[in-house]
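**Student:** Provide a 3D model corresponding to the input given below.
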Amino acid sequence: ILFRLLVPALPLLCVLAGSALALIVAAFGAPDRRGRVLALAAVLVLALHLAAPSLAPPEKYEIDKTFFAMLAEGGKWLARYAPEGSTVACFAVGALPYYAGLPCYDLLGVTDARIAHGPLEPGEMTGHGKTDWPYILAKCPTYIFPMEGPDLTAAGYEYKPVSVRVGEQVLSLRAWRLLD
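**Tutor:** As a prediction, the model looks like this:
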C-alpha cells in the first residue's frame, strides 16, 4: 500500500534502470570474471526488485482489496444519500471522495498542507499520525469518516456508521454526521 509513495520517483528509477541495463550488457561483454559476476549480481537484484510486490502475503492483498472496496462503496453511499451541498472529511482521500463526488477535507494531511506540516503524534507512523481536529471541525464537514479519533458528540455530530456490501460481506464504516 505504501508503494504509491514511490510514484513521483518512477521517471528517475526508469532512467537508472536503463543505465543499469546498459552497464549489465557492457559487463557481459567484459573479458574478466569480476565484470561477469557484477553483471549477474545486477540481474539478480533487478529480478528480486520486480518480484518484490508478489512476495507480500496473499491475505494482505485480500485485506487491502476489501478495505478499498469498502471505501469505494462508502463513497457511492454518500453519492446516493448525502444532501446537496454536503462535504466530507476522511482519512483515506482516494476512493471514498472520488465516488462520493463531494468536496473532501483530508484528515491525515496527504492533500492538506497545514496538516501535512503539523506535528506527528508520538508513536504514530508517518502519513497516519497527523490530524488537526480543531482545524477540520472549523470547516463543519457534513460527514466525517475517521479511522480512529475522538468522540465528536460535543462538536455537534452523531455517530452513524455506514453499512456497505462488499461481495458477500456487509461491512461498517465509522462515520459521524453533523447534526442540523
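
**Student:** need the three-state assignment for residue 109.
**Tutor:** coil (DSSP: H, G, I helix; E, B strand; the rest coil).

**Student:** ok, it touching residue 119?
**Tutor:** No. Contact between residue 109 and residue 119 fails when scored by Cβ atoms under 8 Å: they sit 10.8 Å apart. For the C-beta atoms, the positions are set from N, CA and C on the backbone; glycine is no exception.

**Student:** residues that sit against both of the two, list them.
**Tutor:** Shared contacts of residue 109 and residue 119 (Cβ atoms under 8 Å, 6 or more residues apart in numbering): residue 130.

**Student:** the more surrounded of the two?
**Tutor:** residue 109 (20 against 8; other Cβ atoms under 10 Å).

**Student:** in contact with the more buried one, which residues?
**Tutor:** Counted by Cβ under 8 Å, 6+ apart, residue 109 has contacts 115-118, 130-131.

**Student:** what do you get for residue 169?
**Tutor:** residue 66.

**Student:** gap between it and residue 65?
**Tutor:** Distance of residue 169 to residue 65, computed by Cβ to Cβ, to the nearest Å: 12 Å.

**Student:** for residue 42, same thing?
**Tutor:** Counting by Cβ to Cβ - residue 42 and residue 65 are separated by 34 Å.

**Student:** these two - which one has more neighbours?
**Tutor:** Remark: of residue 42 and residue 65, residue 42 carries more neighbours, 15 against 12, as counted by other Cβ under 10 Å.

**Student:** helix, strand or coil: sort out the closest residue to the more buried one other than its chain neighbours for me.
**Tutor:** Counting by Cβ to Cβ, 6 or more residues apart in numbering, the nearest residue to residue 42 once its immediate chain neighbours are dropped is residue 24, at 5.1 Å. Of the three states, residue 24 takes helix according to three-state DSSP.
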